[in-house]
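> Sequence and predicted structure below; questions after.
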Amino acid sequence: MHQAAILFPVIALAAWTFAVLMLIPYQRFKAVLNKQISGADFKFGESANVPPHVSIPNRNLMNLLEMPVLFYVACLMLYVTHTASSVVLMLAWIYMALRIMHSLVHLTYNNVIHRLVFFAGSNLVLLAIWIAFSMALAA
């Protein structure tokens, strides 16, 4: 396996994160134009007046900047140490897919149980990536 391949799921998740970022101003401007809220509702973050469909993209972006940091670090360390295997690459793609599924549930019908399944699954895969990295270093 070519070591740079481990960076492609990183790029894909970063691209997804930027896509979610673009939803934030879209939803906010749409809500302001529809007079659901005013610009002042964002003066100190999001006020209680902001409807859930407007605040969820922001919350999802925060989710994409929390646990995925450990994914980015692990993948970079795998790349730098030349320890990325085909198994770890597969796990990285699964992690990325689970994070996107988590976002899609969160941004659409927002069923908490479904979100939890994707979130927990992604964290288990992330743990497996870290265990595989640790074992590769110890070998």
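Received the coordinates, thanks.

> Give the helix, strand or coil label for the residue lying closest to Ser38 once chain neighbours are set aside.
Sequence neighbours aside, Val32 is the residue nearest to Ser38 in space, at 6.5 Å (criterion: Cβ to Cβ, 6 or more residues apart in numbering). Where C-beta positions appear, they are placed from N, C-alpha and C, glycine not excepted. Per DSSP: H, G, I helix; E, B strand; the rest coil, the local secondary structure of Val32 is helix.

> 18 is where my numbering starts, stick with that
Okay, residue one is now 18; in that scheme the one you just asked about reads as Val49.

> what pLDDT does Val49 get?
Per-residue confidence for Val49 comes out at a pLDDT of 89.

> what does Ser64 give?
Value for Ser64, per-residue pLDDT: 82.

> what helix or strand is it on?
Under DSSP states H and E, no helix or strand contains Ser64.

> so it touches Gly56, yeah?
No. In this structure, Ser64 is not within contact of Gly56 by Cβ atoms under 8 Å, at 10.8 Å.

> Who are the contact partners of Leu143?
For Leu143, the contact set (Cβ atoms under 8 Å, 6 or more residues apart in numbering) comprises 84, 87-88, 91, 112.

> and it, how far is that from Tyr112?
6 Å (Cβ to Cβ, to the nearest Å).

> Fine by me, thanks again.
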